[in-house]
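[1] Show me how the following folds:
(chains A and B)
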Amino acid sequence: MRALRLAILAGGIALGVEAYRVQIDNLGPHTTPERSWAIVIGAWLFLVAGLVAWSRRPTNRLGPLMAAAGVALLLRQLRYSHDSFLFSVFFVVGELSYWTVAQAVFAYPSGRTTDRAERALIKVGYAVTFVFTVAILVFYDGSKPLRFFDPTRRDSLINIAGHGDVAVTLQKAFVISVWGVLAAAAIVLLIRKLVRATPRARRMLAPLLIAAITVALRAVFESVFTFVQQPSNTILFDYLFWWQIGAFIALPLALLAGLLRARLARASVGDLVLELEGTPPQGIGPALARALGDRTLEVLYWLPERSRYVDTSGRAVELPKYADRAVTRLQHEGQPLAALVHDPSLLEEPKLVEAAGAAARLALENARLQAETRAQLEEVRDSRVRIVNAADEERRRIERDIHDGAQQRLVALALQLRTAQRRLRDDSDPEVDSLLAAAVGELQVAVEELRELARGVHPAILTEDGLAAALESLVSRSPFPIELDADEGRLPAPVEATAYFVACEALANVVKHSGATNAKISAQRQNGLLVVTVEDDGVGGAQTNNGSGLRGLVDRVEALGGRLRVESPTGGGTRVVGEIPCAS
Amino acid sequence: MVIRPALCDDWNVQLTVLIVDDHPAFRASARTLLEDEGYEVVGEAEDGESGLRLARTLEPDLVLLDIALPDLSGLEVAERLSDAPSKVLLTSSRRPSDLGPRLRNSSALGFISKDDLSGETLEALLRERA
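    Down below sits the predicted model:
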């Protein structure tokens, strides 16, 4: 294959020199050495870019296609020869070269044109060009000069009908239909390709497609001259010529740039191994994204025990099922390791993705283990929250049961005894009266104790009126005045309950152990946290690990992702601070 | 002897009462107690909606209204009865301090704990708020 490519290159160089000679020798004042060389160099660039692409990716048809376009562009120049054979053959074959270029552009980067409209355009382009050029030669008798040619008469080998005016008219129709209509259709399809591309594919395609659009625009411009008098201004012609050459040279350069980008990407994949050494798990995704040139790339880790993918933080994630995202599953020793969710354009470079996956394998394995640990922690955290919530719900239920059951019955009993007492007051034994009075008194004590019990389990005011009202109620029952500063407004029930029980337990400790004369409770929202603080001027020395009841609250606060601090220097008062996330 | 409770200056009028509470035992005990104390219990309701309906139909002098009802809150019922001729007394087996600011802001005439309910406490409250 290498020999074949070298032979094509050598042939192409020779052909280029010959194409230059044909132009200079036959077009006379209609060309200059600069122009002739520019056309040859443009075609050579196609050839070289095609051969490089062919050698880099032997299975991709794009390389041979680009090389063929380069050769066809060189052959096209042979049509200017005054030799009737060269003129006749390359007048037809040479004009097809533009469709080979179009085919290569539409096939970039996969080498295949999959879009129906694009395939149809290329087929129609080849067919119409072939039919028109053959038809022109059938009528061309040399009596009228052809457009773009010097006035010297040439002989068509298939001049059968011999009618110069028809030949010129057919050439006009050819320019309008192929260079005007079909080139305009090509522009529409190129713009559509650019608009529909995913962001990464658009970045890759943009230079090539913009160059192609510029070439096609130039062709459309040329077709306009079939309707208007051709301008005699040579500067304008110069301008149009160099526009065409510039855009034509840009096409293979854009292709080479694409190839170079792929080489750079492979080089950065090579650097991945070094880069990933010591990179934390959350840095792996961005490193792979940089190496593969896809900013949207995400890494998901497979957890075999749970049979699901998780992200770096351990949260379960479903693989996307939409066409605008593609998934590459990475395996190690036949077992799933991770999945890369990326731009679909990367599917065209499976070797690159595979190489990146292999380079990152060790780091991915470590990250997967960490993600697994995080997933377990996440589950434990969720489970703690569920336990706290279930316990709160149970407390609320017990409070309701006490209130609706025993408490109501005792209240009704107290009222009945009070009625009996009243009815017997005038004519009963004073002892019975005093017994009834004692029973009513006992019942009231029992009701009060039950009320205390229900309140301690879960105060109804907390459920119905929120934290501020519940703290106000708590403070109102304190044996000494307590300053209260609590934000109004409701928060999620677990947050309110946790803050309340922190305040309640801390206040109970103040009353029982601190010997304080002043205390203050505050509950404020700060930066997504509810900060509940209980401080006193007592003896201090409180700890969370001495069975003070604060230990259980530390667990409770941490279950919600918060923390509880106790600052209690001996003799310096106590300050209990609970910080509970409350952003939801 | 029947004490004539007063809601207004006419001491000889027997006051009519509607009891709204979802606990039948409380309604029965309260009815007996209040009737013994000289009130005329004209109706009972077990939830907020029927309490509202009866209060508007019977137009009692007094509505003894539990705060925790199965459908509406007693505080809401009191609010909706604020334009009715009846005076509303809220009750609960909880203490006022357990009921929060909504009780303080209620349009009801007053509050009496269920276990404190008696002719004397009712009379005292009515006199105080008259």
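
[2] From here on, just use CA atoms for contacts and neighbour counts.
    OK.

[3] for chain B, what are the nearby residues on the stretch 151-300 of chain A?
    With C-alpha under 8 Å from any C-alpha of the partner chain as the criterion, the stretch 151-300 of chain A does not meet chain B at any residue.

[4] What ranges does the stretch 151-300 of chain A have for its strands?
    Listed in chain order, the strands of the stretch 151-300 of chain A (DSSP state E, counting those that start in this stretch) span residues A:298-303.

[5] Residue of it closest to chain B, please.
    residue A:282 (48.6 Å; C-alpha to the nearest C-alpha).

[6] Quick check: which element contains the closest residue to chain B within the stretch 251-400 of chain A?
    Per C-alpha to the nearest C-alpha, residue A:400 is where the stretch 251-400 of chain A lies closest to chain B, at 10.5 Å. In this structure, residue A:400 sits in helix A:361-402 according to DSSP states H and E.

[7] That helix - what's its average pLDDT?
    Per-residue pLDDT values over helix A:361-402 give a mean of 87.

[8] The following helix or strand past that helix and chain B, are they touching?
    Proceeding N to C from helix A:361-402, the next assigned helix or strand is helix A:408-424, under DSSP H and E. Yes - with C-alpha under 8 Å from any C-alpha as the measure, helix A:408-424 is seen reaching chain B through A:408-409, A:411-416, A:418-419.

[9] Of those residues, which is the most crowded?
    Of all the residues of helix A:408-424 next to chain B, the most densely surrounded is residue A:415 (28 neighbours; neighbours counted as other C-alpha atoms under 10 Å in any protein chain shown).

[10] That one against residue B:28, yeah?
    No - in this structure, residue A:415 sits apart from residue B:28 without contact. The criterion is C-alpha atoms under 8 Å, and the distance is 9.6 Å.

[11] coming back round to it: okay, angle between the helix holding residue A:400 and helix A:408-424 too, please.
    10 degrees (axes from the mean of the first three to the mean of the last three C-alpha atoms, to 10 degrees).

[12] where in chain B is pLDDT low?
    B:1-13 (pLDDT under 70).

[13] which residues in it form strands?
    Listed in chain order, the strands of chain B (DSSP state E) span residues B:16-20, B:40-45, B:62-66, B:87-92, B:110-113.

[14] As JSON lines, those strands with mean neighbour count and distance to residue A:395 would be great.
    Conversion of the strands of chain B to JSON lines gives the following (neighbours: other C-alpha atoms under 10 Å in any protein chain shown; distance: least, C-alpha to C-alpha, whole Å):
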{"stretch": "strand B:16-20", "mean neighbour count": "26", "distance to residue A:395": "27"}
{"stretch": "strand B:40-45", "mean neighbour count": "19", "distance to residue A:395": "29"}
{"stretch": "strand B:62-66", "mean neighbour count": "26", "distance to residue A:395": "23"}
{"stretch": "strand B:87-92", "mean neighbour count": "24", "distance to residue A:395": "20"}
{"stretch": "strand B:110-113", "mean neighbour count": "20", "distance to residue A:395": "23"}
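
[15] CSV for those strands, including distance to residue A:166?
    Formatted as CSV, those follow (distance: least, C-alpha to C-alpha, whole Å):
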stretch, distance to residue A:166
strand B:16-20, 107
strand B:40-45, 106
strand B:62-66, 106
strand B:87-92, 108
strand B:110-113, 110
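
[16] Measure how buried the closest residue to residue A:407 other than its chain neighbours is and give me the count.
    Counting by C-alpha to C-alpha, 6 or more residues apart in numbering or on different chains, residue A:447 is the residue found nearest to residue A:407 once chain neighbours are left out, at 6.2 Å. For residue A:447, the neighbour count with other C-alpha under 10 Å is 23.

[17] how would you label residue A:447: helix, strand or coil?
    Per DSSP: H, G, I helix; E, B strand; the rest coil, the local secondary structure of residue A:447 is helix.

[18] Quick one, grab the pLDDT at it.
    Among the per-residue scores, residue A:447 shows a pLDDT of 90.

[19] pretty sure it contacts residue A:410?
    Yes - under the contact definition of C-alpha under 8 Å, residue A:447 touches residue A:410, with a separation of 6.6 Å.

[20] Could you tell me which residues of the stretch 451-584 of chain A lie near chain B?
    Taking C-alpha under 8 Å from any C-alpha, the part of the stretch 451-584 of chain A that reaches chain B is made up of A:451, A:459-461, A:465, A:469-470, A:472-473, A:476.

[21] let's see it at 10 Å
    When proximity is defined as C-alpha under 10 Å from any C-alpha of the partner chain, the stretch 451-584 of chain A approaches chain B at A:451-452, A:454-455, A:459-462, A:464-466, A:468-477.

[22] Just the residues you listed: which are in helices?
    Among these, the subset assigned to helices under DSSP state H consists of A:451-452, A:454-455, A:460-462, A:464-465, A:468-476.

[23] Just the buried residues of those residues.
    Using 16 or more other C-alpha atoms under 10 Å in any protein chain shown as the burial test, these include A:451, A:454-455, A:460-462, A:465, A:468-475 as buried.

[24] what two of those are the furthest from one another?
    Pairwise distances across those peak at 20.3 Å for A:451 and A:468 (criterion: C-alpha to C-alpha).

[25] bridging residues for the residue sitting nearest the centre point of chain B?
    Among the residues of chain B, the smallest C-alpha distance to the mean C-alpha position (C-alpha atoms, centre = their mean) belongs to residue B:64, namely 1.4 Å. According to DSSP bridges, the partner residues bridging residue B:64 are residue B:19, residue B:89.

[26] does residue B:44 really touch residue B:28, like I thought?
    Yes - applying C-alpha atoms under 10 Å as the test, residue B:44 and residue B:28 come out as touching, 9.2 Å apart.

[27] which neighbours do the two share?
    Contact criterion C-alpha atoms under 10 Å, 6 or more residues apart in numbering or on different chains; residues bridging residue B:44 and residue B:28 by contacting each: residue B:19.

[28] Longest helix of chain B, counting residues only.
    Scanning chain B for the helix with the most residues, using DSSP H, yields helix B:24-36.

[29] Please spell out which residues along that helix are buried.
    When neighbours are counted by 16+ other C-alpha under 10 Å, the buried residues of helix B:24-36 are found to be B:24-27, B:29-36.

[30] okay, the angle between it and strand B:16-20?
    Direction vectors for helix B:24-36 and strand B:16-20, defined by the same axes, to 10 degrees, enclose an angle of 170 degrees.

[31] Would you mark the buried spots in the host helix or strand of residue A:438?
    Taking DSSP H and E as the criterion, residue A:438 maps to helix A:430-457. Using 16+ other C-alpha under 10 Å as the test for burial, helix A:430-457 gives A:433, A:436-437, A:439-440, A:443-444, A:447-448, A:450-451, A:454-455, A:457.

[32] Can you list the neighbours in contact with stretch A:380-400?
    When contacts are defined by C-alpha under 10 Å, 6+ apart, stretch A:380-400 is touched by residues A:374-379, A:401-405, A:407, A:450-451, A:453-460, A:462-463, A:493-495, A:497-498, A:555-561.

[33] Let me know the outermost residue of chain A.
    residue A:427 (90.1 Å).

[34] Disregarding residues adjacent in the polypeptide, which is nearest to residue A:576?
    In space, and not counting its chain neighbours, residue A:576 is closest to residue A:566: 4.5 Å by C-alpha to C-alpha, 6+ apart.

[35] Give me the mean pLDDT for whichever strand or helix holds that neighbour.
    Residue A:566 belongs to strand A:563-567 when assigned by DSSP H and E. Model confidence over strand A:563-567, given as mean pLDDT, is 90.

[36] cool, and stretch A:327-345?
    For stretch A:327-345, mean pLDDT rounds to 87.

[37] From start to finish, how long is that stretch in a straight line?
    With C-alpha to C-alpha, to the nearest Å as the measure, the first residue of stretch A:327-345 is 11 Å from its last.

[38] Give the residue spans of the stretch 1-150 of chain A that score low on pLDDT.
    Per-residue confidence for the stretch 1-150 of chain A (pLDDT under 70) gives no ranges below the cut-off.

[39] so which residue of it comes closest to chain B?
    Nearest residue of the stretch 1-150 of chain A to chain B, counting by C-alpha to the nearest C-alpha: residue A:115, 64.8 Å away.
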